[in-house]
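1. here is my input, please return the structure:
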Amino acid sequence: MNDLYQHDMILAAQGAVRIAGVDEAGRGPLAGPVVAAAVVLNLSEPIDGINDSKKISEKRREALYEQIIQKAQKYATGISSPKEIDEINILQATFLAMKRAIEAINGFYDFLLIDGNQYVAGLSKDNQRSLTGGDAKSASIAAASIVAKVTRDRMMGEYHNQYPQYDFGKHKGYGTKKHREMITQHGLCEIHRKTFLKSFF
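-> As a prediction, this is how the structure comes out:
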């Protein structure tokens, strides 16, 4: 059993049997939503290879995603749109996406492990803990990071079909040189975050 599972097993032994790991993907891009996931793993059946989504290849993430959604006790995603990001700012939109993911698992948890250094507002602080760098410390958070990342990447692939001129399928909305060149050439589309791109107006 790897150290990420060991972390969660210790917490479970203290009484938090159903641990929901919560993480997000897509805070930094210039386009697309921010996606959060809440995942309650079956800690008695570890999934080999679970790790921070940023540390594993796309192919490996996809394979782990399929295992997670098949073997997890419960999982859900929450989304905050580019419009919401522009209206309430990316930090608040991230927490909104997290709250939506948590609400979507319908109370199927004893304890929340939140990636980062802040609690999710509007939910009791008694049964949640923030964990900086949690996707590299907790299996539950790492699983959530994989589900959030794969879900968002697939969404950006769909947006690529809708707006092929921006090549969203390749850069996923991040501010690459190619993406910025495409914005200069074509202007902004519906899924661009206007507050991130004021320099282009």
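2. Tyr119 touches Asp126, doesn't it?
-> No - the criterion here is C-beta atoms under 8 Å, and Tyr119 misses it with Asp126 at 10.4 Å. Where you see a C-beta, it was placed from the backbone N, CA and C, and this is true even at glycine.
3. what about the two, which has more around it?
-> Tyr119 (15 against 6; other C-beta atoms under 10 Å).
4. ok, now how distant is the residue positioned nearest the centre of the chain from Asp167?
-> The residue lying closest to the centre of the chain (C-alpha atoms, centre = their mean) is Glu24, at 2.4 Å. Computed with C-beta to C-beta, to the nearest Å, the distance linking Glu24 and Asp167 is 23 Å.
5. cool, Ile19 as well?
-> 38 Å.
6. kindly report the same for Gln6.
-> Relative to Asp167, and taking C-beta to C-beta, Gln6 is found at 41 Å.
7. just Ala31 next, same as before
-> Taking C-beta to C-beta, one finds Ala31 at 11 Å from Asp167.
8. which neighbours do these two have in common?
-> Shared contacts of Ala31 and Asp167, defined by C-beta atoms under 8 Å, 6 or more residues apart in numbering, are found at His179.
9. of the two, which one has the most company?
-> Shown here are Ala31 and Asp167; by other C-beta under 10 Å, Ala31 has more neighbours (26 against 15).
10. secondary structure element holding the closest residue to that one other than its chain neighbours?
-> Spatial nearest neighbour of Ala31, chain neighbours left out: Gly173 (3.7 Å); criterion: C-beta to C-beta, 6 or more residues apart in numbering. For Gly173, there is no host helix or strand (DSSP states H and E).
11. using PDB, list the CA coordinates for the least confident helix or strand in the chain by mean pLDDT.
-> Here the helix or strand of the chain ranked lowest by mean pLDDT, DSSP states H and E is helix 3-13, holding a mean of 92. The C-alpha coordinates for helix 3-13 follow below in PDB (Å, rounded to 0.1, in the frame of the first residue of the first chain):
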ATOM      1  CA  ASP A   3       1.900   6.300   1.400                       C
ATOM      2  CA  LEU A   4      -1.200   8.100   0.000                       C
ATOM      3  CA  TYR A   5      -3.400   5.300   1.100                       C
ATOM      4  CA  GLN A   6      -1.600   5.100   4.400                       C
ATOM      5  CA  HIS A   7      -2.500   8.700   5.100                       C
ATOM      6  CA  ASP A   8      -6.200   8.000   4.500                       C
ATOM      7  CA  MET A   9      -6.200   4.700   6.400                       C
ATOM      8  CA  ILE A  10      -4.900   6.400   9.500                       C
ATOM      9  CA  LEU A  11      -7.700   9.000   9.300                       C
ATOM     10  CA  ALA A  12     -10.300   6.200   8.700                       C
ATOM     11  CA  ALA A  13      -9.000   4.400  11.800                       C
END
